[in-house]
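*Asks:* Just a sequence and a predicted model for now, questions to come.
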Protein chains: 2
Amino acid sequence: MADGPEEIGRLIGLMARLPGMGPRSARRAVLHLVKKRSQVLLPLAEAMKAVGESVRPCVACGNLATSDLCPICANPKRATGTLCVVADVADLWAMERSQAFQGRYHVLGGLLSALDAIGPDELGIPKLVARVTEEELTEIILALPATIDGQTTAHYIADALPELNVTSLAQGVPIGGELDFLDDGTISAALRARARV
Amino acid sequence: MADGPEEIGRLIGLMARLPGMGPRSARRAVLHLVKKRSQVLLPLAEAMKAVGESVRPCVACGNLATSDLCPICANPKRATGTLCVVADVADLWAMERSQAFQGRYHVLGGLLSALDAIGPDELGIPKLVARVTEEELTEIILALPATIDGQTTAHYIADALPELNVTSLAQGVPIGGELDFLDDGTISAALRARARV
């Protein structure tokens, strides 16, 4: 018994596989769980089971939902003409928190990546193209990460939808950002995209 | 819906209460869980349930166990004359990993702390004193943190057991430690406890 009973070792091993966790932090978290059995451990086990049983991807956009359609796709008040394409559900949540977009989403579930062998079919880009025709969209807004893979994916989608107005989030100085702390690429992009005051 | 369905929000809230986790890292972990439903989410829920149902403190020492006695207390090969007192189960595991101690343990479950109103009774120190008489111990080794609370607890235990040989882990330069990176307190302690080469 290196780290307590077998059940504990198994739980530590599983916790250590979570992003941001390692063996040491997993051990600490599990000891905390055991101490707070009724307040944290059992509710957490229940909450995980509930998520595992009820949460699934929205059939339309790929957002997480507890029914076939997520609340955004099911909301008749959301604008139908524009679609915001995001790489991941976390990005959709970030967009929603900003409350700046009133349309619907499409979650790719990743980005094109030659290194990880992720091609257009893995990302469901054919499904996105089909959706464009079905839903009579006028604009697609790409809210993809400003990385090489993000740009590759953006260009691929723009090429696949030549008749459509495909736009992308602006790049520039973040609100509250100080020039001194910004990387050269961001400053160059902000300079190229400068606008009249 | 700020961060997806209610079930997801609940799970994020619970995960965020784990040590080393915050709202952001909990969100990231939960999205990871949802993506790896069968490989991580469901096994993790099961493992937590198993721990919650089967793991409890050893009645003798306070270590985590799945039966009344933990494997260390139940092992007849472990020396019975010496007892190693640790603050927490994590410290017991650390001692066990070092394989340097062959006796049995006593887990206090914390340290004396005026600030947190933790007194001798909360730590089960009366139980420790009773154990000393019952088990005919010859030495108690205090493996407590080298902090103010740890030292307070060490002195309290030594005072409560005047007829016993109460020792404490040596303080000094850690193996591989470079003097340049050590704090003054450690260097002073190592100098005071210097030994012939």
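*Replies:* Sure, I can see it.
*Asks:* and the helix or strand hosting A:W93, average pLDDT?
*Replies:* Taking DSSP states H and E as the definition, one finds A:W93 inside helix A:89-98. Throughout helix A:89-98, pLDDT has a mean value of 91.
*Asks:* Name every strand pairing with the next helix or strand after it and say which way it goes.
*Replies:* Counting by DSSP H and E, the element after helix A:89-98 in chain order, helix or strand, is strand A:104-107. Paired with strand A:104-107 in the same sheet, following DSSP bridges, are strand A:82-86 (parallel).
*Asks:* and stretch A:131-143, how far apart are its ends?
*Replies:* Across its full length, stretch A:131-143 reaches 17 Å between end residues, using Cα to Cα, to the nearest Å.
*Asks:* same thing with stretch A:157-164?
*Replies:* 10 Å.
*Asks:* re earlier: who's in contact with the helix holding A:W93?
*Replies:* With contacts defined as Cβ atoms under 8 Å, 6 or more residues apart in numbering or on different chains, helix A:89-98 is touched by A:62-64, A:72, A:84, A:86, A:101, A:105, A:107, A:143, A:145, B:1-4, B:27-28, B:31, B:34. Heads up, the C-betas are built off the backbone N, CA and C, glycines and all.
*Asks:* let's go with 6 Å and repeat that
*Replies:* A:N63, A:L64, A:V86, A:F101, A:Y105, A:V107, A:A143, B:D3, B:L31 (Cβ atoms under 6 Å, 6 or more residues apart in numbering or on different chains).
*Asks:* Determine which two of the residues you listed are furthest apart.
*Replies:* A:F101 and B:L31 (19.7 Å; Cβ to Cβ).
*Asks:* Those two: which has the busier surroundings?
*Replies:* B:L31 (20 against 16; other Cβ atoms under 10 Å in any protein chain shown).
*Asks:* Spell out the secondary structure type for that one.
*Replies:* helix (DSSP: H, G, I helix; E, B strand; the rest coil).
*Asks:* one step back: would you mind listing the buried residues in the helix holding A:W93?
*Replies:* A:V89, A:A90, A:D91, A:L92, A:W93, A:M95, A:E96 (16 or more other Cβ atoms under 10 Å in any protein chain shown).
*Asks:* For A:E122, which non-adjacent residue is closest in space?
*Replies:* A:G110 (6.9 Å; Cβ to Cβ, 6 or more residues apart in numbering or on different chains).
*Asks:* Up against chain B, what does chain A have?
*Replies:* A:1, A:3-5, A:7, A:10-11, A:14, A:18-20, A:25, A:28-29, A:31-32, A:37, A:41-45, A:47-52, A:54-55, A:64, A:66, A:71, A:89-90, A:93 (Cβ under 6 Å from any Cβ of the partner chain).
*Asks:* Tell me which entries of those lie within strands.
*Replies:* A:L64 (DSSP state E).
*Asks:* I'd like to know which of the residues of chain A next to chain B are buried.
*Replies:* When the residues of chain A next to chain B are checked against 16+ other Cβ under 10 Å, the ones flagged as buried are A:1, A:3-5, A:7, A:10-11, A:14, A:18, A:25, A:28-29, A:31-32, A:37, A:41-45, A:47-52, A:55, A:64, A:66, A:89-90, A:93.
*Asks:* any idea of the mean pLDDT for stretch A:55-64?
*Replies:* 93.
*Asks:* what does it rub up against?
*Replies:* Residues contacting stretch A:55-64 (Cβ under 6 Å, 6+ apart): A:65-66, A:68-70, A:73, A:89, A:92, A:105-107, B:4-5, B:7.
*Asks:* Do I have it right that A:L144 meets A:A154?
*Replies:* Yes - the criterion here is Cβ atoms under 6 Å, and A:L144 meets it with A:A154 at 5.3 Å.
*Asks:* Skipping its backbone neighbours, what lies nearest A:L128 in space?
*Replies:* A:H106 (5.5 Å).
*Asks:* Roughly how far does the one you found sit from A:A170?
*Replies:* 20 Å (Cβ to Cβ, to the nearest Å).
*Asks:* who has more neighbours, these two?
*Replies:* Shown here are A:H106 and A:A170; by other Cβ under 10 Å, A:H106 has more neighbours (24 against 9).
*Asks:* isn't that one right next to A:L83, touching?
*Replies:* Yes - here A:H106 reaches A:L83: they are 5.4 Å apart, a contact under Cβ under 6 Å.
*Asks:* What segments of chain A are helices?
*Replies:* Under the criterion DSSP state H, helices of chain A are mapped to A:6-15, A:23-35, A:42-54, A:71-74, A:89-98, A:125-134, A:148-160, A:184-192.
*Asks:* Would you single out the least confident of those?
*Replies:* Minimum mean pLDDT among these: helix A:184-192, a mean of 86.
*Asks:* Could you chop chain A up by domain?
*Replies:* Here the domain assignment for chain A is A:6-54, A:78-168, based on automatic domain parsing.
*Asks:* if you compare the ones you listed, which one is most tucked away?
*Replies:* domain A:6-54 (a mean of 19; mean count of other Cβ atoms under 10 Å in any protein chain shown).
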